[in-house]
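Colleague: whatever this is, show me its structure:
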Amino acid sequence: FNEISKIKFNLPDEVEEQQKIGDFFSKLDRQIELEEEKLALLVEQKKGYMQKIFSQELRFKDDNGEDYPAWTIKSFQFFMDKPKELEKGINLNKKQLLTVKLNVNGVSNANTNRALKMGATVYYKRFASQFIYGKQNFFNGAFSIIPNEFNGFYSSGDVPALDIDYSKINADYFINYISRKNYYKRMEAFSSGTGSKRIHEDILLNFKIKLPVIKEQQKIGDFFSKLDQQIELQGQKIENLKQRKQGFLQKMFV
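Modeller: Numbers count the residues shown, from 1 in each chain. Here you go, the predicted structure:
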């Protein structure tokens, strides 16, 4: 406590000025809080739509206002397959590695601190639009479709990538369908092995999914894509406000 009491603070001389600064930051904090509430509402709204759409409580109509055909149950292998060839990485550096994040948060650089010993772990080249997942963590939301910026990156055999036939399934429909926690958490029952259990490719390819015809998939996918854009924009708005506050803090108290 004695040390803390010695710290010097730059404070405005006038109490009125202190009050104005306090009010300013209080209003800024309230604005951030309100925008965060809007974001939470958008996220919950999307969850509600996911529940209603994938349970078929809500259905899209075709261009003539008619119902689309009934949904069918298919396994992943209907639209997904293991690559026919796998290209091994040679003399890679850490910046060429990718991994898949938990809780349906997409892919990123692997950020490994270990030196790459190519004899110890084999890495394989992955391509944009492939489905990638963590064998040990599919049921923790570790899956994604590889975006263009990670085309040609590498991952280990424990983070495999599979080819998708997009004439049979819409990417946004697929990812949103399997992104529901009550879907991917159930898949832990299909993991196998001693110690760290894994979901191998052949098991994954037998997972089931309800599929509308491709045109209805596209409408559903577009709908969720627009919701995701709204959520992303709202998140960016909050980040900008926080950065703005940080900028004001630095200018006022330096």
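Colleague: only C-alpha atoms for contact and neighbour calcs from this point on.
Modeller: Noted.
Colleague: ok now the helix or strand where Leu233 lies, how far from the chain's centre?
Modeller: Using DSSP states H and E, Leu233 sits within helix 214-253. Helix 214-253 sits 14 Å away from the centroid of its parent chain (Cα atoms, centre = their mean, to the nearest Å).
Colleague: and for stretch 195-207?
Modeller: Put simply, stretch 195-207 sits 21 Å off its chain's centre (Cα atoms, centre = their mean).
Colleague: returning to what we had before: can you mark which positions in the helix holding Leu233 are buried?
Modeller: 216-222, 224, 227, 231, 234-235, 237-238, 241, 245 (16 or more other Cα atoms under 10 Å).
Colleague: show me the shaky parts of the stretch 151-254 of the chain.
Modeller: Low-confidence segments of the stretch 151-254 of the chain, defined by pLDDT under 70: 253-254.
Colleague: go with 90
Modeller: Residue ranges of the stretch 151-254 of the chain with pLDDT under 90: 193-196, 248-254.
Colleague: quick one: the helices in the stretch 101-250 of the chain?
Modeller: Secondary structure of the stretch 101-250 of the chain (DSSP state H, counting those that start in this stretch): helices located at 171-178, 181-184, 201-204, 214-253.
Colleague: to Gly48, which of those lies closest?
Modeller: Within these, the stretch nearest Gly48 is helix 214-253; the backing value is 11.6 Å (Cα to Cα).
Colleague: counting by contacts, list what that closest one packs against.
Modeller: Using 3 or more Cα pairs under 8 Å, 6 or more residues apart in numbering; DSSP states H and E, the elements in contact with helix 214-253 are helix 15-54, helix 171-178.
Colleague: run the angle between the helix holding Leu233 and helix 15-54 for me.
Modeller: 170 degrees (axes from the mean of the first three to the mean of the last three Cα atoms, to 10 degrees).
Colleague: and stretch 179-191, how far out from the chain middle?
Modeller: 16 Å.
Colleague: buried residues, it. List them.
Modeller: Within stretch 179-191, the residues that qualify as buried by neighbour count (16+ other Cα under 10 Å) are 179-180, 184-185, 187-188, 191.
Colleague: ok, stretch 172-179 next?
Modeller: Counting neighbours by 16+ other Cα under 10 Å, one finds that the buried residues in stretch 172-179 are 172-179.
Colleague: can you check stretch 88-107 too?
Modeller: With burial defined by 16+ other Cα under 10 Å, the residues of stretch 88-107 counted as buried are 89, 96-104, 106-107.
Colleague: tell me how far the residue nearest to the spatial centre of the chain lies from Tyr133.
Modeller: Most central in the chain under Cα atoms, centre = their mean is Asn105, positioned 2.5 Å from the mean C-alpha point. According to Cα to Cα, to the nearest Å, Asn105 and Tyr133 sit 12 Å apart.
Colleague: any common contacting residues for those two?
Modeller: By Cα atoms under 8 Å, 6 or more residues apart in numbering, Asn105 and Tyr133 have these common neighbours: 142, 144.
Colleague: okay if I get the buried residues of stretch 88-107 as TSV plus distance to Leu42?
Modeller: Shown next, in TSV, are those (distance: Cα to Cα, whole Å):
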residue	distance to Leu42
Gly89	42
Gln96	35
Leu97	33
Leu98	30
Thr99	28
Val100	25
Lys101	22
Leu102	21
Asn103	18
Val104	17
Gly106	19
Val107	23
